[in-house]
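Asks: Pasting the sequence and the predicted coordinates here, then a few questions.
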Amino acid sequence: MNIENTTLDGVKILNWEQKEDNRGVSFDFWNGKELEKEGIRFHPVSARCYATKKAGTLYGIHFQDNPEAQAKLLFCVNGSGIDYAVDLRKGSSTFGKWVSVILSSANRKQIFIPGGFGHAFFTLEDDTENVMLVDVPFSELSRQIRWDDPELNLRYPYPPKVLAPHDKEAPFLALSDLNL
């Protein structure tokens, strides 16, 4: 496995070793023992698939408050999109900063996002499917920050075409009740 560090402490891009033969390709999409060797302690309790129909669909910016902040491991099984991690830890020197990576079924990259970060995903192709593993179950502490918050200034390739009502109506960061 090859791990790329990002400018945000704890956010990592994972590239698993792939084995190819006449049947096709195989690779890990999660291996707790290998992750722990790299200092990533992540024990998923739930996995969720997001199957989107249209390019330009945006999920986020989502997070879960303390004491149930979620770490997430995300990857794309069909299509492609841009995944964003946003530092929402109030005492962090990188509070409000973000990183992004293209996840696709072709590049098979993954992003690990620790608890305390917001997450968004913007689809680049029709029929994109992503998988998200989390280490804490979803709860009433799930929150959103407005996707177009000027304080965060996430850069999308074009304005989203599809958004959920709760993402359109989410509070700006300055008005959020976040507790991270």
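Replies: Yep, it's here. Residues are numbered from 1 along each chain as shown.

Asks: count of residues packed around residue 67?
Replies: Neighbour count for residue 67, taken as other C-beta atoms under 10 Å: 9. Where you see a C-beta, it was placed from the backbone N, CA and C, and this is true even at glycine.

Asks: Just the pLDDT at it, thanks.
Replies: Per-residue pLDDT puts residue 67 at 95.

Asks: biggest helix in this structure by residues?
Replies: Longest helix in the chain, counting residues (DSSP state H): helix 32-37.

Asks: packing partners for that helix?
Replies: Packing contacts for helix 32-37, counted by 3 or more C-beta pairs under 8 Å, 6 or more residues apart in numbering; DSSP states H and E, involve no helix or strand.

Asks: With just CA atoms, put that helix into PDB.
Replies: Only the C-alpha atoms of helix 32-37 are listed here, as PDB (Å, rounded to 0.1, in the frame of the first residue of the first chain):
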ATOM      1  CA  GLY A  32      -7.300  -3.100   9.300                       C
ATOM      2  CA  LYS A  33      -4.000  -4.800  10.000                       C
ATOM      3  CA  GLU A  34      -2.300  -3.000   7.100                       C
ATOM      4  CA  LEU A  35      -3.800   0.300   8.100                       C
ATOM      5  CA  GLU A  36      -2.700   0.000  11.700                       C
ATOM      6  CA  LYS A  37       0.900  -0.700  10.500                       C
END
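
Asks: Just checking: what are the partner strands of the helix or strand following it?
Replies: Next helix or strand after helix 32-37 toward the C-terminus (DSSP states H and E): strand 46-51. Counting by DSSP bridges, the strands paired with strand 46-51 are strand 129-134 (antiparallel).

Asks: Tell me how far the longest helix of the chain lies from the chain's centre.
Replies: Computed by C-alpha atoms, centre = their mean, to the nearest Å, the chain-centroid distance of helix 32-37 equals 19 Å.

Asks: Tell me the pLDDT of residue 170.
Replies: Note for residue 170: predicted pLDDT of 96.

Asks: oh, I was asking about residue 30
Replies: Residue 30 is assigned 78 on the pLDDT scale.

Asks: for residue 155, same thing?
Replies: 96.

Asks: Same question for residue 100.
Replies: 98.
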